[in-house]
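Colleague: Sequence below, structure please.
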Amino acid sequence: MPYSPDETTHHRISVPADADTLVFTDPYRPNVELTESISSVDVRIPAHSAVTYSFQFGELKYPDPKNEHGAGPQASLLSGDSVDQRFWPPRAADVIADLPGARLSIDRKVFGRRCTARLDDRGADTTVVFLDGDDWIHLHYLTGALDRAVTAGLIPQINRVFLPAAKDRSEEYTSQTFASALATELPAIINSSHIVLVGQSFGGLSALRAALVASTETAPAIKGVIAQSPAVWWSSERSTELADTLSDGPAGGDIAAQLAGHSLDIPAAHSGSGLARIVLTCGAEEPPMQRHVDAVADALTRRGFPTTNHRTPGGHDPAMWRHGIIPALAELLG
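Modeller: Modelled structure (predicted):
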């Protein structure tokens with residue numbers, strides 16, 4: 001979607017009396033320290049962008065009591081004037097989403113932990129697995145947005161699996177064992193041979209790693225990946241702290257190195273349509289991420305993965321990722 005970063009939207013936010021900080025989810029957007037003399041804050045965002053924010057008092061985070069656009073019990077959303085809100089109507093922070101589908105209990109031996117996913121079987125040919133599934137159910141009500149997109153004819157009907165993240169999200173999503181389980185064990189559990197993985201940040205990294213594992217299988221079930229702002233800067237030899245890795249080190253981290261090396265044995269039969277289709281996105285407002293995502297996009301293309309790489313509005317923030325899911329699904333499944 002063409003957009004101009006020079007177009008901006010201004011929001012004046014009233015500050016609650018007990019708030020000491022205005023906190024943004026996007027690590028590239030600085031927080032605002034509040035004092036008793038500050039009664040409001042002017043937040044400027046690109047017109048095609050959106051941000052997640054909270055007020056904080058001590059260790060407690062809470063949503064803006066005057067904003068009807070909530071993202072769960074701790075956060076609120078601001079959107080630019082040009083953001084398409086068709087699939088995301090206002091939803092108060094205290095609204096509890098209906099749980100979709102049926103409980104899917106996954107044994108500890110699969111992911112190294114017990115977890116309960118939600119499987120929403122719509123009788124479709126394709127199953128889309130959303131990592132960080134609990135957040136997408138409870139904080140953003142993705143199920144409703146998907147229903148609206150299907151009704152509008154933008155995407156076909158899909159089966160949906162919402163897979164909750166581990167308590168230590170970054171550790172699990174950087175685990176090769178977890179990625180291998182996504183590629184080789186989860187398909188049998190959900191009884192699907194046509195799976196699309198959707199992940200953001202570390203979840204996007206894990207989805208890509210699963211696609212690489214699947215590429216070495218004779219009959220891979222992973223047919224597509226949507227990786228939004230994937231943490232492909234990550235390397236097993238480096239810290240998982242963003243500041244240590246984004247501005248230096250090899251572009252594309254371990255993923256780019258694996259694609260460039262000889263350890264990835266892709267059967268010749270997978271050339272062309274046999275490999276998973278990959279949709280990568282990276283926000284215009286997270287420039288340190290861009291060189292890493294671009295490097296991985298180039299490496300995937302060189303190894304034969306049908307890959308698109310989109311520079312999207314916004315930063316490293318679920319407020320923008322959610323707006324990219326439906327267009328990416330339309331691209332993969334259209």
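
Colleague: got a pLDDT number for the residue minimising distance to the centre of the chain?
Modeller: Nearest to the mean C-alpha position of the chain, counting by C-alpha atoms, centre = their mean, stands Gln200 at 2.4 Å. You'll see Gln200 listed with a pLDDT of 98.

Colleague: ditto for Leu264
Modeller: 86.

Colleague: any idea which element the closest residue in space to it that isn't next to it in sequence lies in?
Modeller: In this structure, Leu264 finds its nearest non-sequential neighbour in Gln258, 5.6 Å apart by C-beta to C-beta, 6 or more residues apart in numbering. Just so you know, the C-beta spots here come from the backbone N, C-alpha and C atoms, and that holds for glycine as well. Under the criterion of DSSP states H and E, Gln258 resides in helix 253-260.

Colleague: For the next helix-or-strand element following that helix, name the packing helices and strands.
Modeller: Downstream of helix 253-260, the next assigned helix or strand under DSSP H and E is strand 277-283. If contacts are counted by 3 or more C-beta pairs under 8 Å, 6 or more residues apart in numbering; DSSP states H and E, strand 277-283 sits against strand 222-228, helix 287-302, strand 307-312, helix 318-333.

Colleague: quick one: strand 277-283 to strand 222-228, angle?
Modeller: 0 degrees (axes from the mean of the first three to the mean of the last three C-alpha atoms, to 10 degrees).

Colleague: Mind jotting down where the helices sit in this structure?
Modeller: 108-111, 133-138, 142-151, 169-173, 176-184, 186-190, 202-215, 242-245, 253-260, 287-302, 318-333 (DSSP state H).

Colleague: Mind listing residues that contact the fourth one?
Modeller: Translated: helix 169-173. Under the contact criterion C-beta atoms under 8 Å, 6 or more residues apart in numbering, helix 169-173 has outside partners 111-113, 131-132, 165-166, 178, 199, 202-203, 205-206, 231, 240.

Colleague: what's in contact with the helix holding Gln258?
Modeller: Taking C-beta under 8 Å, 6+ apart as the rule, helix 253-260 contacts 205, 208-209, 212, 232-236, 238, 245, 250, 252, 264, 292, 295-296, 299-300, 302-303.

Colleague: show me what contacts Val41?
Modeller: So Val41 contacts 12-13, 15, 22, 32, 34 (C-beta under 8 Å, 6+ apart).

Colleague: mind putting these in JSON lines, distance to Pro318 and pLDDT included?
Modeller: Converted to JSON lines, the contacts of Val41 look like this (distance: C-beta to C-beta, whole Å; pLDDT from 0 to 100):
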{"residue": "Arg12", "distance to Pro318": "23", "pLDDT": "96"}
{"residue": "Ile13", "distance to Pro318": "19", "pLDDT": "97"}
{"residue": "Val15", "distance to Pro318": "23", "pLDDT": "97"}
{"residue": "Leu22", "distance to Pro318": "18", "pLDDT": "98"}
{"residue": "Val32", "distance to Pro318": "20", "pLDDT": "97"}
{"residue": "Leu34", "distance to Pro318": "23", "pLDDT": "97"}
